[in-house]
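> Pasted the sequence and its predicted model underneath.
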Amino acid sequence: MLINQLNAKFRLLVGSAALSALVISGVPAWAATPADTLVEAFAIDDVITLDPGEAFELTMGEINGNTYDKLVRLDINDPSKIIPDVAESWTVSDDGLTYTFKLKPGLKFASGNPLTAEDVAYSFERAIKIDKSPAFILTQFGLKPDNVTEKAKATDPSTFVFTVDQPYAPSFVLNCLTSTVASVVDKKLVSQHVVDNDYGNAWMKTNYAGSGPMKIRDWRANEILVLERNDNYHGTKAPLNRVIYRHVKESATQRLLLEKGDIDVARNLEPNDLEQVVKNSDIKTTSAAKGTIYYFSLNQKNANLAKPEVREALKYLVDYDAIGEKLIKGIGEIHQTFLPKGILGELDEKPYSLNVAKAKELLAKAGLKDGFSVTMDVRNGQPVTGIAESVQQTFAQGGVKLEIIPGDGKQTLTKYRARTHDIYIGQWGVDYWDPNSNAETFTSNPDNADTGTNKTLAWRNAWDVPDLTKETKSALLERDTAKRAKTYEDLQKKVLATSPFVLLFQQTEVAGIRSNLKGFKLGPSFDTNYVFTVSK
Amino acid sequence: MSQTIHTPPPPMSRRQWLMSDRPQSRLQARLGRAYLVWGRFASNRLALAGLAIIVALLVVAALANVLAPHSPVIGDLRNARLLPPGGDYWLGTDDQGRDILSRLIYGSRLTLYVVILVAIIAAPIGLIVGTAAGYAGGWVDSILMRLTDIFLAFPKLILALALVAALGPGIENAVFAIAVTSWPPYARIARAETLTIRNSDYIAAVRLMGASPVRIVLRHIMPLCLSSLIVRVTLDMAGIILIAAGLGFLGLGAQPPLPEWGAMIASGRRFIMDQWWVAAAPGFAILIVSLGFNLLGDGLRDALDPRGNNQ
Amino acid sequence: MTTTETQLEARRSGAWASGLAIAIGRFVLIGAITFLGLLAVTFFIGRVIPIDPALAIVGDRAPAHVVERVREEYGLNLPLYEQFFIYVKGALQGNFGNSVLTSNPVMTDIRRVFPATMELATFGTLIGTLFGVPLGVLAAVKRGSLIDQIVRLIGLIGYSMPIFWLGLLALLVFYAKLGWTSGPGRIDVIYEYTFTPITGFYLLDAVLQGNWDAFWNIFSFIILPASLLGYFSLAYISRMTRSFMLNELEQEYIVAARAKGLSETRIIWAHALRNAAVPLVTVIALSYANLLEGSVLTETVFSWPGLGLYITNSLQNADMNAVLGGTIIIGAVFIAINLLSDLLYQALDPRTRAR
């Protein structure tokens, strides 16, 4: 009996050998992507919810920008300007407190339901009441659960009125309204899925209720995200039927897939792979500067790091040039001020470069002639780890012994927010496209106590700066745009000179694309990485 | 050759002394047994190769600062990044411009460090738990063995992963995590050995002489468990190296810039398309060294247990 | 057969059956205790982790009051023992909480990803068995010969191989350079619209739907990781086969069979291997369990959307509910396979049965 089984096994064995031969010779292991579909390889593991009232991650910014409409959008050609989206026009009252938006006629959601000012008001109410991470973008205008229906309301089906609590700079208000949290959701559809008064949050985590050029068909975390064309869209319809984001984390893998034609776009190529793919005539690259700044920061609770000379010395112990040429080539540009290029008030100054002698001199002045030891919390992953290792080597030249403590993102972050780190290396991306987003976090620290609830980056590094905090606040109410920009320039200069922040570079987002693709362009912000304009 | 034929053999060669049926002293008996084991071991060419690999590893680790041509941690980012093998850098350089060969050489120390520490932590724990359970019997046995079963039930790598995640990455934590996952088999072996020894006349005699249970376990049972435990530990060393490398590969092992081999593969993974040597070299090192431990352990087992039924 | 003999036989088989029942009972009890221990250990690990679970849920930029609210919602402010009690209660009902990363209940996620891991492990074990058993038999029959040494070396290399590294090299050679197989992943995205998973075992699903295009596509993806895992299990299976066969070949019945003049082939394949098959089944089951674990690194290298990748991904995102749920499931399967193989051994082995 067993002998028969064994014979069978041997037959199978021979069979499977033949089978693999077949695969090897006959069946092509890959094929070009379908003509009506855009396939992107992208690290989409930061997506944890599809709900625009809750989503706050970079990838979701892009997905949301393609699938939801807002009242207004950033102009993709000049992001300091605002263009209409579902709003046709708007006016600001003379006291600067009331914003009135007129909606375009005949708008429809992907579900077929009509889109009215009622839906806009509901979307604001919902964002405030579910009160998730991005809600502060709206609450900073004085919206609260008990007044939101008054302050954000539909006066008729095509008119939406938004009232703020102080006469803010209009650019600030409108910039904030371009963010994901202000997306318009389908009231009728969402209402059908409300559980326990959650405004449909549980359902919306994995479902779609918008009116944008594309709709979300399917999302499987860490695997795939599929968009389909929304035929009810009010603007120009997307040329492609669908867009598939496939989760691929490694740059080398993305490059392989791109070279083989298994995908149309690779979104996370690292410098060395970028260098190689451009040699392939079927592939081109495109890039755009993004609002993300990489930096490391020195916790002022550490006695050594709190010395002004040490802060300055460490800024001279970084080999910016080598990092720029070797580690972030193509994915970033050396940048030493806290406002990214492309935002109001930007300042392009780079006073620091590797200068070991000067650093040693400063350290000696601080009474640390023989250097000192210090730790750095580093999130696993590139380019941060590579930069940390480079910094470790240049610090050593100045006599500073740097110990790297690697951890996953949440681990280092937990430590950072508890202010128990020495040095933290990481990045900060703008929350909304306005200088206040970065200024507030880098230069404002209203309560430096451990119990402080405003955990800005300044707070996390225990940098107590009452004057700067005040200055930041004043810029917010400056309605003269030129004057407002001046204040931000001043803040940047102060941060450059004295702060515990060593700013390294501004991220450039880059994508490798197959040459047969038309109209693929990365926008100035993540929300403006449009895929609905792409054709083949 | 021809000489041995003509000259009469000496009255008693060293070999004969060792192989003597009637050893004159305890030492002679022990040496004799060791000689026998060694004879069997040495006739196994694969085992000898394993021994050679491990000796080489020890030598390289001990003389790392003499052997390594460059610094293992400081590289030349500007001028020597990702160079191919050859010239000044025999195995090329990595993404920080560091010499890969020097990193491999220093990395041998980390490998030994992990292996030895895990063995030092896990084996005694296993020995204590196993002998205590085996000798005491009853509910002590039940509890200790259930505990062992619980740890055995965990997939090793996953438990180590979860532990390192909890403790934070780092080589000490990796060692601890691997040790926690490694002791249960030793406890099982020690218990099995103890059960066979416990009821022997010899132990009964010791007990009659009034020795305390602790003393019996410590002085009389544990030594007898040692040989099988040593074989098992040697065989496990390859597994320990692989788990450590796996943790390093996932970014949970040694911290940069330490030249841990698994972490080196992980960082070389990004360049595998164009600079394959960055990942290939440390992988080979891991393969060779764990193969060495496996060959050695395998040979030891065969030599100690010639019938080969101790699987 | 005389009456007494029949009675004796009946009594013996009755005793065997009740013995088996007792054994099963004991196994279930042991399994339950081990499972509880598993829960305790994983829960403990999950709570000593230096990550604020609430922060893991809401992300870095959430305002303080949101973090506080989440902490309350998830019961993270309760005393540890209460949290443990709630956790065990949930776990026993198959509820490991929600994954932060996917917003789904962990059990739903696991149900989705586990078939991928099982498919890979099954394919791997198949390859390991198909090649490992004949190699082991060969080595045993030609004991001490060059072939024996080679088989032994092949096995030992398999034991010594950093499998993630071999996977990287295999991808480089067979996918990137030669283009013989597909790359990382499980199926081409173009099948997203023509192929619908039913059982979650994609190869099987493709056959059931008669979708041969998809079948070959899936096959071109699975063959590489499965071969690697197969090599890993081959190493183990061939060694064990050799040792079992050596044991059998020493037995008296073999001598008797030779004396009867049976052909050597028949003796080896029909008699020796047949008896060695009982412990072999256990070994294959254990090797299967090992592959489930070995898949963690393999899945990472091959982006295989299985439980291993799910666990490591969750780990990197501090999604502890998912990590613990995944660990418990693998642990539980481990326990189950171990107990089952023990039980199988008792049930099948004529010697234990006679006793």
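Noted; the coordinates are in hand.

> any weak-confidence spans in the chain?
I'll assume chain A. Low-confidence segments of chain A (pLDDT under 70): A:1-31, A:408-410.

> Chain C was what I was after
For chain C, the stretches flagged by pLDDT under 70 are C:1-20, C:48-51, C:53, C:56-63, C:348-355.

> how close does the residue in the stretch 1-150 of chain B positioned nearest to chain C get to chain A?
Of all residues in the stretch 1-150 of chain B, B:Ile150 sits closest to chain C, at 3.4 Å by C-beta to the nearest C-beta. In short, each C-beta sits where N, CA and C put it, glycine included. According to C-beta to the nearest C-beta, to the nearest Å, B:Ile150 stands 27 Å off from chain A.

> helix/strand/coil for that residue?
The three-state assignment at B:Ile150 reads helix, by DSSP: H, G, I helix; E, B strand; the rest coil.

> need the contact list for it.
Contacts for B:Ile150 (C-beta atoms under 8 Å, 6 or more residues apart in numbering or on different chains) come out as C:Ile33, C:Thr34, C:Gly37, C:Leu38, C:Val41.

> Give me every residue in chain A lying close to chain B.
A:250-252, A:255-256, A:270, A:272-273, A:276, A:319, A:322, A:325-327, A:378, A:380, A:382, A:385-386, A:388-390, A:392-393, A:396, A:403-408, A:411 (C-beta under 8 Å from any C-beta of the partner chain).

> on that earlier part again, which of the contacts of B:Ile150 are close to chain B?
Among the contacts of B:Ile150, proximity to chain B is found for C:Ile33, C:Thr34, C:Gly37, C:Leu38, C:Val41 (C-beta under 8 Å from any C-beta).

> Kindly supply the PyMOL command isolating those of those residues that are buried.
Buried residues among the ones next to chain B among the contacts of B:Ile150 (16 or more other C-beta atoms under 10 Å in any protein chain shown), as a PyMOL selection:
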select buried, chain C and resi 33+34+37+38+41
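
> Which members of the ones next to chain B among the contacts of B:Ile150 are positioned in helices?
Mapping the ones next to chain B among the contacts of B:Ile150 onto helices (DSSP state H) picks out C:Ile33, C:Thr34, C:Gly37, C:Leu38, C:Val41.

> Could you provide the contacts of B:Ile150 in CSV, with additional columns for distance to A:Leu305?
Shown next, in CSV, are those (distance: C-beta to C-beta, whole Å):
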residue, distance to A:Leu305
C:Ile33, 52
C:Thr34, 49
C:Gly37, 45
C:Leu38, 44
C:Val41, 39
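
> Which parts of the stretch 101-250 of chain C are helices?
C:106-141, C:146-160, C:163-170, C:202-209, C:212-249 (DSSP state H, counting those that start in this stretch).

> Make TSV out of those helices and add distance to A:Ser437.
Below are these laid out as TSV (distance: least, C-beta to C-beta, whole Å):
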stretch	distance to A:Ser437
helix C:106-141	34
helix C:146-160	53
helix C:163-170	40
helix C:202-209	45
helix C:212-249	43
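
> Rebuild those as TSV, extending it with mean neighbour count and distance to chain B.
Below are the helices of the stretch 101-250 of chain C laid out as TSV (neighbours: other C-beta atoms under 10 Å in any protein chain shown; distance: least, C-beta to the nearest C-beta, whole Å):
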stretch	mean neighbour count	distance to chain B
helix C:106-141	23	10
helix C:146-160	19	4
helix C:163-170	22	4
helix C:202-209	18	24
helix C:212-249	23	4
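
> for those, which one sits closest to B:Ile241?
helix C:146-160 (8.4 Å; C-beta to C-beta).

> Tell me the helices and strands packed up against the closest one.
helix B:45-62, helix B:222-249, helix B:277-304, helix C:106-141, helix C:212-249 (3 or more C-beta pairs under 8 Å, 6 or more residues apart in numbering or on different chains; DSSP states H and E).

> Distance to C:Ser99 added to those, as TSV?
What follows is the helices and strands packed on helix C:146-160, written out as TSV (distance: least, C-beta to C-beta, whole Å):
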stretch	distance to C:Ser99
helix B:45-62	43
helix B:222-249	23
helix B:277-304	32
helix C:106-141	5
helix C:212-249	24
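
> Rebuild those as JSON lines, extending it with distance to chain A.
Formatted as JSON lines, those follow (distance: least, C-beta to the nearest C-beta, whole Å):
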{"stretch": "helix B:45-62", "distance to chain A": "23"}
{"stretch": "helix B:222-249", "distance to chain A": "11"}
{"stretch": "helix B:277-304", "distance to chain A": "10"}
{"stretch": "helix C:106-141", "distance to chain A": "5"}
{"stretch": "helix C:212-249", "distance to chain A": "5"}
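
> Give me the pLDDT for the residue of the stretch 1-150 of chain B closest to chain C.
The model reports B:Ile150 with a pLDDT of 79.

> between the ones in helices among the ones next to chain B among the contacts of B:Ile150, which is closest to B:Leu67?
Nearest to B:Leu67 among these, with distances taken as C-beta to C-beta, is C:Val41, at 42.7 Å.

> For chain A, what's the nearest residue on chain B?
Counting by C-beta to the nearest C-beta, chain B gets nearest chain A through B:Gly251, at 4.1 Å.

> ok, that residue - how many residues close by?
Residues lying near B:Gly251 (other C-beta atoms under 10 Å in any protein chain shown) number 23.

> pretty sure it is in a helix, no?
No - if the criterion is three-state DSSP, then B:Gly251 is coil and not within a helix.

> For the residue nearest the centre of chain B, which residues are in contact?
The residue lying closest to the centre of chain B (C-alpha atoms, centre = their mean) is B:Met237, at 3.2 Å. By C-beta under 8 Å, 6+ apart, the residues touching B:Met237 are B:Val115, B:Ala119, B:Ser290, B:Phe293, B:Gly297.

> Among these, which pair sits farthest apart?
Across the contacts of B:Met237 (C-beta to C-beta), the longest gap, 14.2 Å, separates B:Ala119 and B:Ser290.

> Which of the two has more residues huddled nearby?
Comparing B:Ala119 with B:Ser290 by other C-beta under 10 Å, the one with more neighbours is B:Ser290, at 26 against 20.

> Good, wrapping up.
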